[in-house]
Structures are given as structure tokens and as C-alpha cells.
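Engineer: All I have is the shape, not the residue letters:
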Ligand code: ADP
Ligand code: DP6
């Protein structure tokens, strides 16, 4: 009753922002993402009749009560599906900063879904895994798949039509995603709390909903046509609209810091110099930049000159979930 799985993080090109059902993690809007090659989570789950409680070890440390509660709540769902009530030891390692806007929750819950269901002897397809992962963290449903991925919001109240599916594989369009690290400190307001406050209090939220489905359709068209400029333009505008909703919340908040502005300005500057680059920002100050592979070094060098930039990781589209053997887990990646 033990299995190990690896899932990669994803960045949202069109953001998931707001839930219509909090307990089932059903989104207000459809979203679109790229799964990244460089950042991932590896999770081993072992169920045992000898345990009376779940145990959660994250990055070699026993996780807090609050984190454990989230894992237990999620595993309860998996136990319900499998009909097996055993408790588990979950040992997970993030190859990405945790809770800093680099989507550790996405890779974390996708890897947990794959490992836990496999450990209980369930051999599930991508759609079923995606629906389960969604109930740990919405964005995790997209990390089940590699490459370019869509998550249609669905209409049904039981969530059976709300899951992610691939749009195009990781090998079909090589673009670069530069992950710009300004801080790896955990954010003050989680995505969960931020989107809830925005839905409930921001007068700008209706503006978000009025345009996001069109952004989703246009971005998907741009991906299929491999139209870089169109995709970058829509992605950047969509991120700005999402972050604008937080300024109207009560109390207002923003995920940005001064470095975020520095990077945004440099991206605009690069465009005026003829280098096609576009930014997006998830729930945190760090910025991700889309550019052409042939220009990734130029963009990286320009950004490294900004004093607030601590590091830049050059990523490309990456794979979906993988199951690992015990010996694979021990190998250094
Ligand atoms: P991020 O930008 O990293 O996704 P969030 O605040 O949205 O930040 O999510 C962070 C939360 O995701 C953590 O507090 C934890 O509950 C969950 N998480 C992170 N890593 C893992 C993991 N490896 N396994 C399970 N859950 C994880
Ligand atoms: C801004 O998936 O972390 O990154 O479903 O509450 O766990 P929960 O939220 P989460 O939110 C991600 C928000 C985002 C946009 C995105 O990834 O689409």
C-alpha cells in the first residue's frame, strides 16, 4: 500500500480566480496553464492498518497541525472513493519554494492524488485524477497533465464536468517561461483566502467575470495557432485584471512588492527594444515571463541587472504526473 508520484507545477496563463463552491473547489471561471519542466513535487504515500492518525512530512519536517488537517481532509476523500479506511504516512518534497506564488499547492496536491490513489490500488485515468486533485487545490487539477492545459469551469453542481484536460503537449510548442524570484517567503494572504475575499467584497470582481471567458477562448486559439504575440498580450492583460480585483477588496490587498513593478517595467522596456516578452503574476510577488527560447538569455541578463531580482529559473513546458519506483525516488534529480 505504498506508491510514489511526481507532479510538476503549472503557471496560469488565464487565471482561476474565485470559487462558486468552496467545498468542491468549483471555479467561477475557466483557466489555462502551462505545466513547467523545472519545478515539481515528489510524494510517497504509505497506508497502514497500524496507524491511528495520518502523518505529513513536508520537506523533511513534520508539518504543522493546520497543514496536516488539510491533508487528512483530502485523504478522507480518497479513502471514501476507495472504500478503504487506512491512515497514511505522506512524505513530500517540493522542488519549488513552498507557498510563495510558485504553485507548490498545484504540484503538491497533484502528486498526492496520484500517489494516494495508486497506493490504495486504484488505477485511475487523467480525468478522474484531475477531479480528485481539484478538491485538494483547484490549480492542482491542471498539474495532472503536461504541456498546455485547460480547466473548463463546468456547470454541474456536483462538479462532475469540472476537470482539466490537455490542449497541446509539452513537445508541441517550445516557449520559455522565466520564473523570476524576488522572494521565497511565504505570502501573507493565501490564494484561497485572497480569492474568497475578492469574490465576496470587490466591486471589480464582476468586471473580471465579464471578460475572463473571452480571454480563455482567445488564449486557447493563440496556443493552437502558436501565435506568441497574441498569447502574451492576452496573458499579461488577464493577470493585470485579476490583480486589479484585489485592490477593490475589503480590506484591500495586493500580492505585489516593489520588485514586481521593477520586473514589469523591464518587460515593457524589452518590448520597446523589439524583444517579445510578456509577464504574468500568480498569488505572490514573483513574476513569470514568457519569451522566445532564442531570446531567453537576453531577457535573463536584462532582468538580472535589477537589484530586487534574486534568481531566475528558465523553464519550458513540462510533463504530467509520473509514478516512480522506490529506487527512482532515491535518485538525485
Ligand atoms: P503556492 O503559490 O506555493 O501554491 P499557496 O498558498 O497557494 O502557495 O499554497 C501553499 C499550500 O499548498 C501549503 O500551505 C500547503 O497547504 C499546500 N502544499 C504545498 N506543498 C505541498 C505538498 N508537497 N503536498 C501537499 N500540500 C502542499
Ligand atoms: C492566482 O489553486 O492555490 O495561482 O483552490 O484555494 O487551493 P485553492 O487555490 P489555488 O489558486 C491559484 C490561484 C492563482 C491562479 C491560477 O493558478 O489559476
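Structural biologist: Yes, it's here. Model, not experiment: these values are computed from the prediction. Ligands and ions are numbered 1, 2, ... in the order given.

Engineer: all helices in the stretch 101-250 of the chain, in order from the N-terminus.
Structural biologist: Shown for the stretch 101-250 of the chain, the helices assigned by DSSP state H, counting those that start in this stretch span residues 104-119, 126-134, 191-201, 205-224, 228-247.

Engineer: Which of those sits closest to residue 147?
Structural biologist: helix 205-224 (9.5 Å; C-beta to C-beta). In this view, the C-beta of every residue, glycine as well, is placed from N, C-alpha and C.

Engineer: can I assume residue 260 is in contact with residue 287?
Structural biologist: Yes. Contact status for residue 260 versus residue 287: in contact at 6.0 Å, counting by C-beta atoms under 8 Å.

Engineer: Between these two, which contacts overlap?
Structural biologist: Here residue 260 and residue 287 have 182, 281 as joint contacts, going by C-beta atoms under 8 Å, 6 or more residues apart in numbering.

Engineer: quick one: which of the two has more around it?
Structural biologist: A side-by-side neighbour count of residue 260 and residue 287, using other C-beta atoms under 10 Å, places residue 287 first with 28 against 23.

Engineer: list the contacts for the more buried one?
Structural biologist: Contact analysis of residue 287 by C-beta under 8 Å, 6+ apart lists 180, 182, 260, 263-264, 267, 279-281.

Engineer: switch the cut-off to 7 Å
Structural biologist: Listed by C-beta atoms under 7 Å, 6 or more residues apart in numbering, the contact partners of residue 287 are 180, 260, 263-264, 279, 281.

Engineer: Contact residues of this structure facing ligand 1?
Structural biologist: Neighbours of ligand 1 within the chain, by C-beta under 6 Å from any ligand atom: 41, 58, 67, 70, 92, 94, 98-105, 108-109, 112, 190-191, 283-284.

Engineer: Return a ChimeraX selection command for the buried portion of these.
Structural biologist: Command for ChimeraX, covering only those of those found buried under the criterion 16 or more other C-beta atoms under 10 Å:
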select :41,58,70,92,94,98,99,100,101,102,103,104,105,108,109,112,191,283,284
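
Engineer: now, which of the residues of the chain next to ligand 1 lie within strands?
Structural biologist: 41, 58, 92, 94 (DSSP state E).

Engineer: Max pairwise distance over the residues you listed: which two?
Structural biologist: For these, and using C-beta to C-beta, no pair is farther apart than 41 and 58, which are 9.5 Å apart.

Engineer: For the residue of the stretch 201-333 of the chain found nearest ligand 1, give its distance to residue 40.
Structural biologist: Ligand 1 sits closest to residue 284 of the stretch 201-333 of the chain, with a gap of 5.6 Å, by C-beta to the nearest ligand atom. Plainly put, residue 284 is 18 Å away from residue 40 if you go by C-beta to C-beta, to the nearest Å.

Engineer: Residue 59 now?
Structural biologist: Counting by C-beta to C-beta - residue 59 and residue 40 are separated by 13 Å.

Engineer: quick one: which of the two has more around it?
Structural biologist: residue 40 (26 against 13).

Engineer: Now residue 270: closest residue in space that isn't a chain neighbour?
Structural biologist: residue 277 (5.0 Å; C-beta to C-beta, 6 or more residues apart in numbering).

Engineer: now residue 29
Structural biologist: Using C-beta to C-beta, 6+ apart, the nearest residue to residue 29 is residue 212, at 4.4 Å.

Engineer: and if you look at residue 84?
Structural biologist: Using C-beta to C-beta, 6+ apart, the closest residue to residue 84 is residue 120 (5.4 Å).
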